[in-house]
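Asks: Fold the following, please.
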Amino acid sequence: MFDWLTQSWARFGPQIVTGFAETFVMVAVSFAISAVIGTGAGLLLSLCRRGGAWENPLLAAPVSVLVNLIRSVPFILLLIILAPLARLLVGTAYGIYASMVSLTIVGVAIVTRLVEQAVADINPQLFQTAHALSASRRQLVTEFILVEARAALILGYTSAIISLIAYSTVVGVIAGGGIGYLALQEGFYMWNQPLMWVIILLMTVFVQLIQLSGSALARKLDRKGKARNS
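Replies: The predicted structure follows:
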């Protein structure tokens, strides 16, 4: 019944493993950079907006416009227009390293908005408490905001990782490597439907594991937070 599965794995197993390894590297590196930059940008947008704790619309507005601009460009077009930047940074416009450039930029935009929303959902009384305790800006961020929003941030980061996995499959169009390149070259162009289904099945399992892990961690952190505040 599942001969197509075993035959596809027997023929393309090493290529599938290599493709997943390349995808993992692309997503891991891109997310690591995106998480750092995007978290900072998301905090800035939330805290510097009108009515925010550090109200400064002149600083927040350009960042918001830039994030919206990145998110409004279809990813396939973003790959093309960022090719010169990728060549400048990594010496080539193709392969997994070039793909990381585009993935990182779109990842920063995704994480920024997710972090902004997570911080915006925090109870305003938290900021009043921090102000009453004379917390510095660093303390407000590290000891109040990030602690209070940690469960929402974990869910946001999980969504960002899954989005980057989805985007990583598109880079195969420009020979960007990863599992998407294998699916396109062998699965679509050669019309190998069994291979396509194997890749879809493995990607589905991979994404589900990430989602379940992120949700479980968020629930655990949320319970700890509620226990601490009770």
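Asks: Now do the contacts for the residue nearest to the spatial centre of the chain.
Replies: With the centre of the chain defined as its mean C-alpha position, the nearest residue by CA atoms, centre = their mean is residue 160, 2.9 Å away. Under the criterion of CB atoms under 8 Å, 6 or more residues apart in numbering, the neighbours of residue 160 are 31, 34-35, 38, 107, 110-111, 114. Just so you know, the C-beta spots here come from the backbone N, C-alpha and C atoms, and that holds for glycine as well.
Asks: For the residues you listed, pick the one with the most neighbours.
Replies: Most neighbours among the contacts of residue 160, by other CB atoms under 10 Å: residue 111, with 30 neighbours.
Asks: Which helix or which strand is home to the nearest residue to that one once chain neighbours are set aside?
Replies: By the measure of CB to CB, 6 or more residues apart in numbering, the closest residue to residue 111 outside its immediate chain neighbours is residue 38, 2.7 Å from it. When elements are assigned from DSSP states H and E, residue 38 belongs to helix 3-48.
Asks: Quick one: list the elements packing against that helix.
Replies: Under the contact criterion of 3 or more CB pairs under 8 Å, 6 or more residues apart in numbering; DSSP states H and E, the helices and strands touching helix 3-48 comprise helix 57-72, helix 95-120, helix 150-168, helix 179-182, helix 193-229.
Asks: and the first one with helix 3-48, angle?
Replies: Note on geometry: by axes from the mean of the first three to the mean of the last three CA atoms, to 10 degrees, helix 57-72 and helix 3-48 are set 160 degrees apart in direction.
Asks: So which elements touch helix 57-72?
Replies: Helix 57-72 sits against helix 3-48, helix 95-120, with contacts defined as 3+ CB pairs under 8 Å, 6+ apart.
Asks: What's the mean pLDDT across the longest one?
Replies: Same thing as helix 3-48. When pLDDT is averaged over helix 3-48, the result is 87.
Asks: Can you say which of the helices and strands packed on helix 57-72 is nearest to residue 188?
Replies: Between residue 188 and the helices and strands packed on helix 57-72, the shortest separation by CB to CB is 13.8 Å, and it involves helix 3-48.
Asks: quick check, distance from the lowest-mean-pLDDT helix or strand in the chain to the centre of its chain.
Replies: In the chain, the helix or strand scored least confidently by mean pLDDT, DSSP states H and E is helix 179-182, which has a mean of 80. Average the C-alpha atoms of helix 179-182, do the same for its chain, and the two points are 19 Å apart (CA atoms, centre = their mean, to the nearest Å).
Asks: Who are the packing partners of it?
Replies: Taking 3+ CB pairs under 8 Å, 6+ apart as contact, the helices and strands that helix 179-182 lies on are helix 3-48, helix 193-229.
Asks: May I have it as PDB, with CA atoms only?
Replies: Once non-C-alpha atoms are left out, helix 179-182 reads as follows in PDB (Å, rounded to 0.1, in the frame of the first residue of the first chain):
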ATOM      1  CA  ILE A 179      13.900  21.000   0.700                       C
ATOM      2  CA  GLY A 180      11.900  23.400  -1.500                       C
ATOM      3  CA  TYR A 181      14.600  23.200  -4.200                       C
ATOM      4  CA  LEU A 182      14.300  19.400  -4.200                       C
END
